[in-house]
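*Asks:* predicted model, plus sequence, below.
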Amino acid sequence: MPELKGLNVKMAEVRELTDAKGFSSDPARIWEMLALIHSEVSEATDAYKKGEALEEVGEELIDAIIRILHLLSTLGLDAEAIFEAKMAKNWQRPTKYGTVRGG
């Protein structure tokens, strides 16, 4: 079990809520959990395109974060450690990660 600090605190809170509300944490349903993450991002995109308040867009993005934390919990991963390692890796990358933009 991951140490309860940083993102892992929120992940534990999300897991408590999802378990209490009857959402599946069955690893066999990972495909469904990934699709639900995608749907929340799509809802944020739609809200933005429709000109809805930025708070509405933000709420959909938070829904995506909640679903991501639920999936990370289901997989038994340490969200904080993965986040910290990925950020350290990204800080070492070149500006715009070496991609060429524009014309």
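*Replies:* Received it, and whenever you're ready, just let me know what you need. Numbers count the residues shown, from 1 in each chain.

*Asks:* would you mark the buried spots in whichever strand or helix holds residue 55?
*Replies:* Using DSSP states H and E, residue 55 falls within helix 54-74. Across helix 54-74, burial judged by 16 or more other C-beta atoms under 10 Å covers 56-57, 60-61, 63-64, 66-74. (Each C-beta comes from the backbone N, C-alpha and C, glycine too.)

*Asks:* from these, pick the one nearest residue 9.
*Replies:* residue 69 (10.2 Å; C-beta to C-beta).

*Asks:* next one: residue 86 from residue 2, what distance?
*Replies:* Noted for residue 86: a distance of 15 Å to residue 2, by C-beta to C-beta, to the nearest Å.

*Asks:* which one's more surrounded, those two?
*Replies:* Set side by side, residue 86 and residue 2 show more neighbours around residue 2, with 19 against 10, by other C-beta atoms under 10 Å.

*Asks:* setting aside sequence neighbours, what's the nearest residue to the more buried one?
*Replies:* Leaving aside its sequence neighbours, residue 2 sits nearest to residue 78 (C-beta to C-beta, 6 or more residues apart in numbering; 3.7 Å).

*Asks:* cool, residue 7 as well?
*Replies:* Leaving aside its sequence neighbours, residue 7 sits nearest to residue 79 (C-beta to C-beta, 6+ apart; 4.0 Å).

*Asks:* quick check: the one you found touching residue 72?
*Replies:* Yes: when contacts are counted by C-beta atoms under 8 Å, residue 79 is listed as touching residue 72 (4.8 Å).

*Asks:* what is in contact with those two at once?
*Replies:* Common contacts of residue 79 and residue 72, defined by C-beta atoms under 8 Å, 6 or more residues apart in numbering, comprise residue 11.

*Asks:* give me the pLDDT value at residue 97.
*Replies:* Confidence at residue 97, expressed as pLDDT, is 82.

*Asks:* need the contact list for it.
*Replies:* By C-beta under 8 Å, 6+ apart, the residues touching residue 97 are residue 90.

*Asks:* distance of it from residue 85?
*Replies:* Taking C-beta to C-beta as the measure, residue 97 and residue 85 are separated by 16 Å.
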